[in-house]
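>>> with the sequence up front, the predicted model follows.
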Amino acid sequence: MAATNETSFPERNRGWYQDDLTEVNEPIRKLLESYSKVPSSEVVKHVNTIRERGFASNPYPCIGLYRFAILTLSTHPLYKTIVERLKAPNASYLDVGCCFGQDLRQLVQDGVPSENLVGLDIEGALMELGYDFFLDRDTLKSRFVVADVFKGAEQGKVWTDLVERGIDVLHCSAFFHLFTLDEQIAAGKQIAELIKKDGIIVGRQMGSVKPGNVAAIKADSFSYRHNVETFDAMWKEVGEATQTRWKVEGTMDMIGINPSSPVEDENSRRFLFTVTRIE
């Protein structure tokens, strides 16, 4: 089916369905060839097919615009440290909003025991499709859980098991920026209870040199984009509410930013962050 066919998926009219890829960036190509054993000649077709199926299930910009094909965790300045930390016995990693679990598979490829890793998403269909993307249904020992961060412990064992285990490294990319500031604070309070002392939250999201509300995916709704200072203020509020303390570090740059995109503008920046629990 042609990627420009707007009859099957009217959501594409909203501007976030890119034409099929003709090339795949080197990091995800290398992962698919080395980890998943996808033949080099089949990589482009394989990625396009997964995008087609994923968008049919969940028509999100991150899928329509191939953001899932960009490995985000491995670009974080602490990545090598994270890999070594997660190789330790009983280390724990949680990927919130993991989509297809692409960053989780890169950790496995880089030597982290897959049983130390957990993926979490509200959309079970995307995590299920991740097995087809990476061809590892029979080999991967990681756990994937369908859960809503905002509901926390009211979901029962699916959440309380994570609290009891405690998380050393929580990866949270392209998540907070989907929500209003109040909603982000509410999510932060739930996430805070998962993190061990000295544990870290790392990620990448859309930031702005002019922090504030922007139009969101849902009609007549908005979300909040941070700079480093407002993100720090948010975690101070989370800490006060949860009797925890956090150190926020971050950088903003233009890497991967397209001001002409329907979901970006001239104020948009890539925001890389590390939030460390210090108490």
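Ah, there it is.

>>> all contacts plus neighbour counts: C-alpha atoms, from now on.
Fine.

>>> the domain parsing of this structure - what is it?
What automatic domain parsing lists as the domains of the chain is 10-67, 71-277.

>>> phi, psi of the residue nearest to the spatial centre of the chain?
In the chain, the centroid-proximal residue (Cα atoms, centre = their mean) is Ser173; its distance is 3.5 Å. Per-residue torsions, Ser173: phi -100, psi 150 (degrees, to the nearest 10).

>>> what distance do you get for it to Tyr35?
Ser173 sits 22 Å away from Tyr35, going by Cα to Cα, to the nearest Å.

>>> next one: Asp20
Distance from Asp20 to Tyr35, by Cα to Cα: 23 Å.

>>> low-confidence bits of the stretch 1-150 of the chain, can you list those?
Across the stretch 1-150 of the chain, the ranges flagged by pLDDT under 70 are 1-15.

>>> swap the cut-off to 80 and go again
For the stretch 1-150 of the chain, the stretches flagged by pLDDT under 80 are 1-16.

>>> residue ranges for the helices of the protein, please.
26-34, 43-57, 61-64, 79-86, 102-109, 124-134, 157-165, 181-192, 228-242 (DSSP state H).

>>> for the residue nearest to Phe273 when sequence neighbours are not counted, the count of nearby residues, please.
Once flanking residues are discounted, Phe273 sits nearest to Gly250: 4.2 Å by Cα to Cα, 6 or more residues apart in numbering. For Gly250, the count of nearby residues is 17 (other Cα atoms under 10 Å).

>>> is Gly250 in contact with Phe271, as I believe?
Yes. If you go by Cα atoms under 8 Å, Gly250 and Phe271 touch, sitting 6.9 Å apart.

>>> what mean pLDDT does the longest strand along the chain get?
The residue-count maximum for a strand in the chain (DSSP state E) belongs to strand 195-208. The average pLDDT within strand 195-208 is 97.

>>> alpha carbons only: can I get it in PDB?
Only the C-alpha atoms of strand 195-208 are listed here, as PDB (Å, rounded to 0.1, in the frame of the first residue of the first chain):
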ATOM      1  CA  ILE A 195      13.500   5.400  41.400                       C
ATOM      2  CA  LYS A 196      16.100   4.100  43.800                       C
ATOM      3  CA  LYS A 197      18.300   6.600  45.700                       C
ATOM      4  CA  ASP A 198      21.100   7.600  43.300                       C
ATOM      5  CA  GLY A 199      19.000   6.300  40.400                       C
ATOM      6  CA  ILE A 200      18.600   8.400  37.300                       C
ATOM      7  CA  ILE A 201      15.900   9.400  34.800                       C
ATOM      8  CA  VAL A 202      17.300  10.100  31.400                       C
ATOM      9  CA  GLY A 203      15.700  11.100  28.100                       C
ATOM     10  CA  ARG A 204      15.200  13.300  25.200                       C
ATOM     11  CA  GLN A 205      12.200  15.400  24.400                       C
ATOM     12  CA  MET A 206      11.000  18.500  22.600                       C
ATOM     13  CA  GLY A 207      12.100  21.600  24.400                       C
ATOM     14  CA  SER A 208      11.800  25.300  23.700                       C
END
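
>>> what does it rub up against?
72-73, 76, 163, 166-177, 225-227, 252, 267-279 (Cα atoms under 8 Å, 6 or more residues apart in numbering).

>>> list the buried residues in stretch 108-118.
Within stretch 108-118, the residues that count as buried by 16 or more other Cα atoms under 10 Å are 108, 110, 112-114, 116-118.

>>> oh sorry, the question was meant for stretch 200-213
200-208, 211-213.

>>> ok, stretch 64-71 next?
Buried residues in stretch 64-71, counted by 16+ other Cα under 10 Å: 64-66, 68-71.

>>> and the end-to-end length of it?
16 Å.

>>> ok, now how distant is Val163 from Ala192?
Taking Cα to Cα as the measure, Val163 falls 10 Å from Ala192.
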